[in-house]
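> Pasting the sequence and the predicted coordinates here, then a few questions.
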Amino acid sequence: MDFSAIIPKLQEWAAFYGLKIVAALAIFIIGRLVAKALRGTVKRMMTRSKVDETLISFVASLTYAALITIVVIAALNQLGIQTTSFIAIIGAAGLAVGLALQGSLANFAAGVLMIIFRPFKAGDYIEGGGVAGVVEEIQIFTSQLKTPDNKLIIVPNAKMMGDNIVNYSAKETRRVDMVFGVGYGDDLDKARRVLLEVVAQDERVLKDPAPQVAVSELADSSVNFVVRPWAKTADYWGVYFDLTEAVKKRFDAEGISIPFPQRDVHLHQSQG
């Protein structure tokens, strides 16, 4: 074997591919540093914008992964490896995974939208996706709600975003809608005065807007009053339950009747 002919070729090969390897390593190392720097920049920008921490972590990780993929492809291309087919394989694999996980991707997209637009937050009492409860956690694919009787409900984000959402905690105040019926023989002016006094005695009821007490319906067996005081959202159920009890006790004390369904039974005795 003529080593004198092989050595120049090895030197030529080493010089040619050695430069390519060095360039590829430089691209990878520098690209990785740039990717980390951009990931940190994205985190800082989103943190200053007061974006949800879950979304910050996810977007930063996604940005880093995308940049590293580009860096790896660029390094392989520098080595002379054809990356066109490699990119096509990645695209085909991504399409296949996307079709297989289209339901999960829909939940993911809905989760991102909820984190960005924030129709509700943890601690809010909401109705959505056919259920109601206090929001415990908003995850990428699902939202977790706790019912008043302490049951955990896990709702897919796509279902939550695809339906009407009622957020009972979004506003600081709420109107408490109540209906009380009195008999047709009772004094309506007296009943209205009593209702206003009962409402005014509850310190949780707001003065502005002023409570509304008005006759709303002449029903089959009663004259119905609507009673609509305003209260802080946190006091809603306390005001509702306490006013219901207070009105019943005050009506009894004032001799105001509260009609209830009655049935008269007539017995006929046949003559034998």
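Here it is on my side, so go on.
> Helices along the chain, start to end?
For the chain, the helices defined by DSSP state H cover 3-48, 53-78, 84-100, 102-117, 157-161, 188-201, 236-254.
> now the fifth one, how far from the chain's geometric center?
Centre-to-centre, helix 157-161 and its host chain are 9 Å apart (CA atoms, centre = their mean, to the nearest Å).
> looking at the helices of the chain, which has the lowest confidence?
Mean pLDDT values for those show the minimum at helix 84-100, a mean of 61.
> re the thing from before, kindly compare burial across the helices of the chain and name the winner.
Counting by mean count of other CB atoms under 10 Å, helix 157-161 has the highest mean neighbour count of these, with a mean of 22. Quick note: C-beta positions are derived from backbone N, CA and C, even for glycine.
> elements contacting that helix?
helix 102-117, strand 142-146 (3 or more CB pairs under 8 Å, 6 or more residues apart in numbering; DSSP states H and E).
> Format the helices of the chain as TSV; extra columns: distance to Y168.
Converted to TSV, the helices of the chain look like this (distance: least, CB to CB, whole Å):
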stretch	distance to Y168
helix 3-48	29
helix 53-78	23
helix 84-100	37
helix 102-117	17
helix 157-161	15
helix 188-201	21
helix 236-254	8
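> To I138, which of those lies closest?
Set against I138 and scored by CB to CB, the helices of the chain come closest in helix 102-117, at 5.9 Å.
> Quick one: distance of that closest one to the chain centre.
The answer for helix 102-117 is 11 Å, by CA atoms, centre = their mean.
> Likewise for stretch 25-39?
36 Å.
> oh, and call the first residue 46 from now on, that's how I've got it
Let's use 46 as the start, then, which means that last one is stretch 70-84.
> With just CA atoms, put that stretch into PDB.
Extracted in PDB, the C-alpha atoms of stretch 70-84 (Å, rounded to 0.1, in the frame of the first residue of the first chain):
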ATOM      1  CA  LEU A  70     -20.000  23.000  16.200                       C
ATOM      2  CA  ALA A  71     -19.700  26.800  16.200                       C
ATOM      3  CA  ILE A  72     -23.200  27.100  14.700                       C
ATOM      4  CA  PHE A  73     -24.600  24.700  17.300                       C
ATOM      5  CA  ILE A  74     -22.900  26.300  20.300                       C
ATOM      6  CA  ILE A  75     -23.600  29.900  19.300                       C
ATOM      7  CA  GLY A  76     -27.100  29.000  18.300                       C
ATOM      8  CA  ARG A  77     -27.800  27.400  21.600                       C
ATOM      9  CA  LEU A  78     -26.600  30.400  23.500                       C
ATOM     10  CA  VAL A  79     -28.700  32.700  21.300                       C
ATOM     11  CA  ALA A  80     -31.700  30.400  21.900                       C
ATOM     12  CA  LYS A  81     -31.200  30.600  25.700                       C
ATOM     13  CA  ALA A  82     -30.900  34.400  25.500                       C
ATOM     14  CA  LEU A  83     -34.100  34.700  23.400                       C
ATOM     15  CA  ARG A  84     -35.900  32.400  25.800                       C
END
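> what's next to that stretch, contact-wise?
Contacting residues not belonging to stretch 70-84 are listed as A105, S106, T108, Y109, L112, I113, I115, V116, V117, A119, A120, Q123 [CB atoms under 8 Å, 6 or more residues apart in numbering].
> can we see that at 10 Å?
With contact meaning CB atoms under 10 Å, 6 or more residues apart in numbering, stretch 70-84 is reached by 104-124.
> Stretch 165-179 now?
Under CB under 10 Å, 6+ apart, the answer for stretch 165-179 is 97, 159-160, 163-164, 180-183, 188-215, 278, 281.
> tell me, what residue is most central in the chain?
Among the residues of the chain, the one closest to the centroid is F165, at 4.6 Å (CA atoms, centre = their mean).
> Could you double-check that I301 lies in contact with V243?
No: between I301 and V243 there is no contact under CB atoms under 10 Å: 11.3 Å.
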